[in-house]
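Asks: Build me a model from this:
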Amino acid sequence: MAITKDTVKYVAHLARIDLRPKELEKLSQQLQDILGFIDKLKKVDVKDIVPTSHILPINNVLRDDLLTESLSSHKALENAPQRQGNFFSVPKVIE
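Replies: All right, here's what the predicted structure looks like:
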């Protein structure tokens, strides 16, 4: 697919971007180079390559999930500016 100056000018108009002629020329060439590179990538034989989610061998560092006592409602509400029973009370923000 070829990217012409007219195509770039049309898309710039839709995006409300004002491009000078020099910028239009440069952007057209850059987009054409990007599409050319993508075409090269399409030609590469990758059938024997295992799919990966990341190029580096990264593993998550996870802690053991241990059962512990949770915070009591009294302790959680200890510093609450307002409370109603065992719940936080907050001002109404939607009318």
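Asks: how about the helices in this protein?
Replies: Assigned by DSSP state H, the helices in the chain fall at 5-14, 21-43, 73-76.
Asks: and those helices, which is most packed in?
Replies: helix 5-14 (a mean of 13; mean count of other Cβ atoms under 10 Å). In short, each C-beta sits where N, CA and C put it, glycine included.
Asks: what about it, average pLDDT?
Replies: Per-residue pLDDT over helix 5-14 has a mean of 93.
Asks: That helix vs helix 21-43, what angle?
Replies: Using axes from the mean of the first three to the mean of the last three Cα atoms, to 10 degrees, the inter-axis angle of helix 5-14 relative to helix 21-43 is 110 degrees.
Asks: Okay, now the unreliable bits of this structure?
Replies: Along the chain, segments meeting pLDDT under 70 span 1.
Asks: Excluding chain neighbours, what is closest to residue 90?
Replies: Counting by Cβ to Cβ, 6 or more residues apart in numbering, residue 82 is the residue found nearest to residue 90 once chain neighbours are left out, at 7.3 Å.
Asks: what sits against the one you found?
Replies: Applying Cβ atoms under 8 Å, 6 or more residues apart in numbering to residue 82 gives the contacts 88, 89, 90.
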